[in-house]
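> next come a sequence and a model predicted from it.
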Amino acid sequence: MTHLIAPSVLSANFGQLETDINLINKSVADWFHVDVMDGVFVPNISFGFPVLKSLQQHAKKPLDVHLMIVDPDRYIQAFKDAGAAVLTVHIEACTHLHRTIHAIKQTGMKAGVALNPHTPVSLLSEVLAELDLVCVMSVNPGFGGQKFIENTYRKIEQLHLMKENLGANALIEIDGGVDFNNYQKLIACGANVLVAGNTVFSASNPSAAIAQLKQG
Ligand code: DX5
Ligand code: ZN
């Protein structure tokens, strides 16, 4: 499988959101990456359901929703109704992760689990086989435009090995600081989905930036 590109809407211009959504629609990007932050789990607040509803209206590609919120179980159905195709929760925010994964899958959405930079991939050993996606955070979550953490390569390799040993199919998604200097190495280590905010939206030609990341 060739890797997927998921531009992060967090870096879009919200004054012209429809224009930026159309740009992604027309590009070779695969998904929209949608960062929801509650100001509690992470030190930032992004956006909620009204923005998701507009995305749902205009986006022609699947919404990959990354929840950086505490107690995400409260909102699983609401995110399904708002059009999420993939719903990712943080392992650090879930006391009953297995239950949460099953609740997500029961709605028909794909289930993802995100790991903060300090969280070892080994914590996923008992649930990896049931996941559709693992989001490896390569920055501390909360903001776009941060510097990539180099230890991520090792985590991807470990996760790739765990997948092989278990016969698991979860996609490995890398989120944070993905740029033209590191994307090829990330793919070589086993990444399947690259999230890119700043690298896409601060480029003079965002569609060309997406095409370059997609080319590998
Ligand atoms: C960070 C978010 C990321 C962010 C990525 O908390 O989860 O998705 O938007 O942005 P860049 O690619 O600029 O690091
Ligand atoms: Zn994200």
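Perfect, thanks for sending it. The structure displayed is predicted, hence computed values, not measured ones. Ligands and ions are numbered 1, 2, ... in the order given.

> which residues sit in contact with whichever residue of the chain sits closest to ligand 1?
The chain approaches ligand 1 most closely through residue 197 (2.8 Å), counting by C-beta to the nearest ligand atom. For glycine as for every other residue, the C-beta is placed from the backbone atoms N, C-alpha and C. Counting by C-beta atoms under 8 Å, 6 or more residues apart in numbering, residue 197 touches 7, 8, 10, 11, 33, 144, 145.

> quick one: buried residues of stretch 18-38?
By 16 or more other C-beta atoms under 10 Å, the buried positions in stretch 18-38 come out as 20-21, 23-24, 27, 29-38.

> ok, and of these, which contact ligand 2?
Restricting the buried residues of stretch 18-38 to those adjacent to ligand 2 (criterion: C-beta under 5 Å from the ion) gives residue 35.

> what's the farthest-apart pair in the buried residues of stretch 18-38?
27 and 38 (29.4 Å; C-beta to C-beta).

> now the buried members of the contacts of residue 197.
7, 8, 10, 11, 33, 144.

> so which of those are in strands?
7, 33 (DSSP state E).

> with pLDDT and distance to ligand 1 added, can I get the buried ones among the contacts of residue 197 in TSV?
Formatted as TSV, those follow (pLDDT from 0 to 100; distance: C-beta to the nearest ligand atom, whole Å):
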residue	pLDDT	distance to ligand 1
7	98	9
8	98	4
10	98	4
11	98	5
33	98	6
144	97	4
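
> need the residues of this protein near ligand 1, please.
Contact residues (C-beta under 6 Å from any ligand atom) of the chain with ligand 1: 8, 10-11, 33, 35, 66, 139, 141-146, 175-178, 195-199.

> isn't residue 89 right next to residue 98, touching?
No: between residue 89 and residue 98 there is no contact, the gap being 11.7 Å when judged by C-beta atoms under 8 Å.

> the two: which has the busier surroundings?
Taking neighbours as other C-beta atoms under 10 Å, residue 89 and residue 98 compare with residue 89 leading, 27 against 11.

> contacts only, for that one.
Contacts of residue 89 (C-beta under 8 Å, 6+ apart): 67, 72, 97, 100, 104, 112, 113, 114.

> again, 6 Å this time
Applying C-beta atoms under 6 Å, 6 or more residues apart in numbering to residue 89 gives the contacts 67, 72, 100.

> what backbone torsions are found at the last one?
This means residue 100. Residue 100 adopts backbone torsions of phi -60, psi -40, taken as degrees, to the nearest 10.

> tell me how many other residues surround the closest residue to it other than its chain neighbours.
Setting aside the residues directly before and after it, residue 100 is nearest to residue 94 in space (C-beta to C-beta, 6 or more residues apart in numbering), at 4.9 Å. The local packing of residue 94 (other C-beta under 10 Å) involves 18 other residues.

> same check, this time on residue 135
28.
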